[in-house]
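In: sequence first, predicted coordinates after that:
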Amino acid sequence: MADNVVHVENLSKHYPPDIKAVDGVSFSIPSGVVFSLLGPNGAGKTTVVEILEGLRTPTSGTALIFGTDASKDYAKLRDRVGILPQNFEPFDMLKPSEAIEYWASLYDMRIAKKEVKELLESVGLYERRNSMSKKLSGGEKRKLGIALSLVNNPELLFLDEPTTGLDPKARRDLWKLIDGIRGRGTTVVLTTHYLDEAEKLADDVAIMHKGKIIVRGKPADLVSKYSKMTVVVLVGAGKEGLSEMMRRGIPATEENGDVLVPVSDPAEMRIVLAKLASIQLKVKDMYTRRQTLEDVFLNVVGAKMDEGVLGQ
Ligand SMILES: Nc1ncnc2c1ncn2[C@@H]1O[C@H](COP(=O)(O)OP(=O)(O)OP(=O)(O)O)[C@@H](O)[C@H]1O
Ligand SMILES: [Mg+2]
């Protein structure tokens, strides 16, 4: 426990009359990892993170950072922690370099021009250093937010939905940046509702749903534990294809007109493919797909997590 950067035990936050934003959550985060709180809108991610940031008081339970109670003694932690709040908007009328100098002054730090340059380069914003922040793109604004959160060279960094609403290229840029931050030994708490983001970046994932952590582990371990490892997709095989599989006793499901045949043991793949190839079926295409955290969520919750909205 002492070695953990974050230790949360039985944490709850209730709002009257009966909202259980966080409902008995426990987890620990060792040093140097990217830990992802993954869940749909309203799961309770920001509430957990804001308790750890000393911004909200828990109804019950403990939230420790470096062994210090974050909700009582955050002043002691401030210099060691960096925060990118959800939907962060930088100061419109400051240039990125000025925003960094201003932010450093809030930590009573004097930051040298050289350090400002290095920080802007590290997030890929040096070329934009003289633009007013209001003229930055959405992705550039997030990069500036991350640069600000790194000003005090934190040992622990909270990133609350850093890529929400960004285009795929901007998201990939930020993934690289976050991976680089982990590479420097900083512990990162990343909240997201993007399953691919957690899968790509996180060493350790806690899936939150309705205020609770429903599963926790390394992405690859969760996939192997909670889903069939691989599926063969028979594109466009539809209901006919499904009943053909059922007639032959091959376990299968239908999804959006495609038939999915799960293969839990990779050694059986050739046998399954040979069996499927021998069946006369109208298919547009056929491919194998490794299952992902998306499937883990679907299997554990019984519903899809789609862009943060819980589907039916
Ligand atoms: N101050 C508050 N008063 C009442 N209810 C609140 C308050 N803050 C949060 N909630 C509720 O608590 C639940 C969890 O909210 P939270 O913001 O932690 O979710 P989240 O997982 O961060 O969602 P998102 O992905 O949308 O950011 C939601 O149902 C929300 O409406
Ligand atoms: Mg949130």
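Out: Done, it's in. Ligands and ions are numbered 1, 2, ... in the order given.

In: report the buried residues of stretch 228-243.
Out: By 16 or more other Cβ atoms under 10 Å, the buried positions in stretch 228-243 come out as 228-234, 236-238, 241-242. Heads up, the C-betas are built off the backbone N, CA and C, glycines and all.

In: what residues does the stretch 151-300 of the chain have near ligand 1?
Out: residue 193 (Cβ under 6 Å from any ligand atom).

In: can you name the residue of the stretch 151-300 of the chain nearest ligand 1?
Out: In the stretch 151-300 of the chain, the residue that lies nearest ligand 1 is residue 193 (5.2 Å; Cβ to the nearest ligand atom).

In: coming back round to it: can I get the buried residues of stretch 228-243 in a markdown table including secondary structure?
Out: Formatted as a markdown table, the buried residues of stretch 228-243 follow (DSSP: H, G, I helix; E, B strand; the rest coil):
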| residue | secondary structure |
| --- | --- |
| 228 | coil |
| 229 | coil |
| 230 | strand |
| 231 | strand |
| 232 | strand |
| 233 | strand |
| 234 | strand |
| 236 | coil |
| 237 | coil |
| 238 | helix |
| 241 | helix |
| 242 | helix |
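
In: name the element the closest residue to residue 141 other than its chain neighbours belongs to?
Out: Computed as Cβ to Cβ, 6 or more residues apart in numbering, the closest residue to residue 141 that is not its neighbour in sequence is residue 90, at 5.6 Å. In the assignment (DSSP states H and E), residue 90 maps to no helix and no strand.

In: I'd guessed residue 90 sits against residue 143; true?
Out: No: between residue 90 and residue 143 there is no contact, the gap being 9.7 Å when judged by Cβ atoms under 8 Å.

In: OK, contacts around residue 123?
Out: Going by Cβ atoms under 8 Å, 6 or more residues apart in numbering, residue 123 touches 143-144, 146-147, 150, 177.

In: can you flag the buried ones in these?
Out: Among these, those classed as buried by 16+ other Cβ under 10 Å are 143-144, 146-147, 150, 177.

In: pick out the most distant pair among the residues you listed.
Out: Greatest spacing in the buried ones among the contacts of residue 123, by Cβ to Cβ: 144 and 177 (11.6 Å).

In: which stretches of the protein form helices?
Out: Along the chain, the segments classed as helices by DSSP state H run 45-52, 96-106, 113-122, 138-149, 168-183, 195-201, 219-226, 238-247, 269-277, 293-301.

In: for the shortest one, which helices and strands make contact with it?
Out: Put plainly, it is helix 195-201. On a contact count with 3 or more Cβ pairs under 8 Å, 6 or more residues apart in numbering; DSSP states H and E, helix 195-201 meets strand 34-38, helix 168-183, strand 187-192, helix 293-301.

In: change it to 6 Å
Out: strand 34-38, helix 168-183, helix 293-301 (3 or more Cβ pairs under 6 Å, 6 or more residues apart in numbering; DSSP states H and E).

In: as TSV, the ones you listed with mean pLDDT and distance to residue 107 would be great.
Out: Compiled in TSV, the helices and strands packed on helix 195-201 are given as follows (pLDDT from 0 to 100; distance: least, Cβ to Cβ, whole Å):
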stretch	mean pLDDT	distance to residue 107
strand 34-38	97	24
helix 168-183	91	18
helix 293-301	85	36
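
In: give me whichever of the ones you listed is most buried.
Out: Mean neighbour count (mean count of other Cβ atoms under 10 Å) peaks for strand 34-38 among the helices and strands packed on helix 195-201, with a mean of 25.

In: stretch 16-34 and ligand 1 in contact?
Out: Yes: using Cβ under 6 Å from any ligand atom, we find that stretch 16-34 touches ligand 1 at 19, 21.

In: and that stretch, which residues are buried?
Out: By neighbour count on 16+ other Cβ under 10 Å, the buried set for stretch 16-34 is 21-23, 25, 27, 29, 33-34.

In: which of those lies closest to residue 159?
Out: residue 34 (9.2 Å).

In: identify the residue nearest the closest one in space, chain neighbours excluded?
Out: Nearest residue to residue 34 in three dimensions, chain neighbours excluded: residue 188, at 4.4 Å (Cβ to Cβ, 6+ apart).

In: what's the farthest-apart pair in the buried residues of stretch 228-243?
Out: Most distant of these, by Cβ to Cβ, are 229 and 238, 24.6 Å apart.

In: do you know how far the residue in the chain positioned nearest to ligand 2 is from ligand 1?
Out: Closest residue of the chain to ligand 2, Cβ to the ion: residue 46 (3.1 Å). To ligand 1, residue 46 is 3 Å away according to Cβ to the nearest ligand atom, to the nearest Å.

In: report how many residues lie close to that residue.
Out: 22 (other Cβ atoms under 10 Å).

In: what's the closest of the helices and strands packed on helix 195-201 to residue 222?
Out: helix 293-301 (4.9 Å).
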